[in-house]
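Undergrad: got a sequence here, can you model it:
(one chain, ligands or ions: 1)
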Amino acid sequence: MNIKMNIEEIFSKNNIELKKEISLAQYSTIKIGGKAKYFTIATNSKELLKILNLAESNNVRYFVLGNGSNVIFSDKGFDGLIILNETSGYSITNETIQKKEFFAPPPRYSTEENNVFAGENSPGAKNVIVKVDSGMRLQKLMKKLFKQDVVGLEYFAGIPATVGGAVYMNIHGGAKYFSEFVHSALLFKKGKTRVVTAKYFEFEYDWSKLHETREVLIWVKLKLLKSEGALGESLAINWASQKSIQPRVSAGCVFKNINKKEKDRLNLPNYSAGFVIDKLLGLKGYKIGGAKISDKHAAFIENTGNAKAEDVLKLIEYVKEKAKNKLNLDLELEVELVGEF
Ligand SMILES: Cc1cc2nc3c(=O)[nH]c(=O)nc-3n(C[C@H](O)[C@H](O)[C@H](O)COP(=O)(O)OP(=O)(O)OC[C@H]3O[C@@H](n4cnc5c(N)ncnc54)[C@H](O)[C@@H]3O)c2cc1C
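TA: Okay, the predicted model is just below:
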């Protein structure tokens, strides 16, 4: 019997709709990519676990997709199952934590202005633990929590991530890393789930242990603050407006910021890869096919309308080569290339 038929039948018998040959461009913020051989959507955690179990037990190669804001899918697509994570439950729990566990850095910068949370010092402010499904869109979560006077995530305003993607990448906003808010999480791999604490993730800049293990985050508990929702919301609006110049038809910063050693060696005023690409390499606006180094922010590559993944890749290689030849600098990718390149 045909293997394809088997997989479709198995999923169908388990009430999971498996679509075929779905264009992935529509599921990535940069709007690039070929087709997924199989595609399905998980709308709650139970369903997500069921899909993962079915895929693993039937040896189906899979990729869990959040909001697609840090991926570039190959023009050849993905020869397996894309699981679009649209789980979106959340609850403000009654769990309590010790003050000393709260907002435990290391902070992104050792000294930083704007490092106070909305209402952190307000009388009556208290710590809360919020449990969130991994497919929850961060911006939606923030808005819902502000209405319930729960704050803390405002520095991530304007970042088009799901909570799962935010943990996987340890996103950064303002002076904060997402890891500073992670309390514990439920992970899945090889048919098993387990709860881990924040320490397990070994968070670093743009990195969590999930890069290595490829475990799937099902839910996460976040350490937040019950305080002044209106204040949180106004801070969030302020941050989002600062980010509004960033090109949205992109995958965010393509390259990681440089480290302190390279910053000092090159005598730069900041760590920004965008600064290097713009001021030192003069590549702002440089274009290959439909892919362009953004005029607004040189660490971003924009899809000007009809870009292919191949154009983006050529542009990435061009920038890397210039940085190496001119500055002896190895720029590292922040975005993830998915599929065959
Ligand atoms: C306009 C724009 C602005 C941005 N600004 C910022 C910024 O200020 N700071 C910043 O840090 N980033 C920023 N980004 C990058 C991006 O939003 C983040 O990297 C984000 O974390 C990606 O989340 P996602 O849900 O879109 O993940 P996806 O792109 O869907 O996936 C990225 C990776 O996460 C994995 N993943 C997703 N969900 C799970 C899960 N549940 N379990 C395990 N692995 C999972 C995927 O398998 C994949 O490997 C920006 C991007 C854009 C387009």
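
Undergrad: which helix or strand contains residue 36?
TA: Assigned by DSSP states H and E, residue 36 belongs to strand 35-42.

Undergrad: check which helices and strands the helix or strand that that strand is followed by sits against.
TA: Elements were assigned by DSSP H and E; along the chain past strand 35-42, the next helix or strand is helix 45-57. Where contact means 3 or more C-beta pairs under 8 Å, 6 or more residues apart in numbering; DSSP states H and E, helix 45-57 is packed against helix 3-13, strand 35-42, strand 62-65, strand 78-85, strand 216-226. C-beta: built from backbone N, CA, C; applies to glycine.

Undergrad: just to revisit the earlier point, just the CA atoms of the strand holding residue 36, as PDB, please.
TA: C-alpha atoms of strand 35-42 as PDB (Å, rounded to 0.1, in the frame of the first residue of the first chain):
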ATOM      1  CA  LYS A  35       4.900  24.000  -0.600                       C
ATOM      2  CA  ALA A  36       4.600  21.700   2.400                       C
ATOM      3  CA  LYS A  37       4.000  18.100   1.500                       C
ATOM      4  CA  TYR A  38       1.600  17.900   4.500                       C
ATOM      5  CA  PHE A  39       0.100  20.600   6.600                       C
ATOM      6  CA  THR A  40      -2.100  20.700   9.700                       C
ATOM      7  CA  ILE A  41      -3.200  23.100  12.300                       C
ATOM      8  CA  ALA A  42      -3.300  22.500  16.100                       C
END
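
Undergrad: list the contacts of that strand.
TA: Applying C-beta atoms under 8 Å, 6 or more residues apart in numbering, the contact partners of strand 35-42 are 7, 11, 16-24, 48, 51, 60, 77-87, 135.

Undergrad: which among those residues are in contact with the ligand?
TA: Of the residues in the contacts of strand 35-42, proximity to the ligand by C-beta under 6 Å from any ligand atom holds for residue 85.

Undergrad: could you flag which of the contacts of strand 35-42 are buried?
TA: The neighbour count (16 or more other C-beta atoms under 10 Å) marks 7, 11, 16, 18, 22, 24, 48, 51, 60, 77-78, 81-87, 135 as buried among the contacts of strand 35-42.

Undergrad: hang on, the earlier thing: most neighbours per residue, which of the helices and strands packed on helix 45-57?
TA: Of the helices and strands packed on helix 45-57, the one with the most neighbours on average (mean count of other C-beta atoms under 10 Å) is strand 216-226, at a mean of 24.
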